[in-house]
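J.: sequence plus predicted model, see below.
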Amino acid sequence: MSERVSWVPDGVDTGKPSAARLYDYLLGGGHNFAADRALAEKFLQAQPNARTIARLNRGFLRRAVLFMMDNGIRQFLDLGSGIPTVGNVHEIAQKADPETRVVYVDFEEVAVAHSQLILEHDPRATIIQEDMTRPADVLKAAEGSGLIDFTQPVGVLTSGVFHFVPPEADPRAIVAAYRDAVAQGSYLAVSQFTQDLQPEEMAGVVEVMKKSQNPMFPRTKTEIEGFFDGFELVEPGIVPLPLWRPESTNTDDPDKAGIYAAVGRKA
């Protein structure tokens, strides 16, 4: 049975779990429903470290944004941005420079509705409802927003989203389309589940997610390297989440991180 809440757009079936709302729940957010929480509990049974992984992934996003800003980026395209939670890209970026512009991209109606509410009074940030696996549509809408100038370097963010793109959709070609559209000096950030770390737990997660709207496709380090064709990987390369430019003494076990993270620069 679907839950009806005032902030849920008409037509959204809250009885069907979604990855965006599952992630929100793992991060401790309040924009999820019984079906999402039930799936999340199964996810946690398969991967008991899931809440920590979600936190680490959010931390990587923050560090990647600040790294790009340190290297001159002042506009971001956040693909598969999900449900807004603490530490959104525009909050991180605009704290460092209030003039920074951010375009979020998501196809999930609840994520879009919430983003619209949060960004209502921010002229330098917006959300477009598009499928990130259709780059031509995303790029056209992003340019049409008036917030992204593709003649200038852009920070393209793909945080924890490409593991929902099946092999037959050719994720390398999708990334390549964004690469070809951005100027030299642009950056790409990727974080994605891998079977290289905790393979048994990852196999269990894949089985759990088969029952959702968002099946999961973990990838090897070599496969993730393919996303960076045409980019120069910045140090330390493709590493488990807590090892990507940690800000302080890091006590998280990289072998239990579940996700590889990396940033590359278009030369």
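T.: The structure has been received and is ready for your questions.
J.: check which residues of stretch 125-145 are buried.
T.: For stretch 125-145, a neighbour-count test (16 or more other CB atoms under 10 Å) marks 125-130, 132-133, 135, 138-139, 141-142 as buried. In this view, the C-beta of every residue, glycine as well, is placed from N, C-alpha and C.
J.: for it, how far is the first residue from the last?
T.: Using CA to CA, to the nearest Å, one end of stretch 125-145 lies 9 Å from the other.
J.: any residues touching it, and which ones?
T.: Among residues not part of stretch 125-145, those counted as contacts by CB atoms under 8 Å, 6 or more residues apart in numbering are 77, 79-81, 90, 94, 101-107, 109, 111-112, 115-116, 119, 147-148, 150, 158, 161, 165, 169, 174, 177-178, 181.
J.: now with 6 Å?
T.: With contact meaning CB atoms under 6 Å, 6 or more residues apart in numbering, stretch 125-145 is reached by 77, 79-80, 90, 102-105, 107, 112, 115-116, 119, 148, 165, 169, 174, 177-178, 181.
J.: got the buried residues of stretch 125-145 as CSV, with pLDDT, secondary structure and distance to residue 235 columns?
T.: What follows is the buried residues of stretch 125-145, written out as CSV (pLDDT from 0 to 100; DSSP: H, G, I helix; E, B strand; the rest coil; distance: CB to CB, whole Å):
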residue, pLDDT, secondary structure, distance to residue 235
125, 97, strand, 30
126, 97, strand, 33
127, 97, strand, 32
128, 97, strand, 33
129, 97, strand, 36
130, 98, coil, 33
132, 97, coil, 27
133, 98, coil, 30
135, 98, helix, 28
138, 98, helix, 29
139, 98, helix, 29
141, 98, helix, 34
142, 98, helix, 29
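J.: so the nearest residue to residue 247 once chain neighbours are set aside: helix, strand or coil?
T.: Using CB to CB, 6 or more residues apart in numbering and skipping the chain neighbours, the partner closest in space to residue 247 is residue 63 (6.6 Å). With DSSP: H, G, I helix; E, B strand; the rest coil as the basis, the three-state label of residue 63 is helix.
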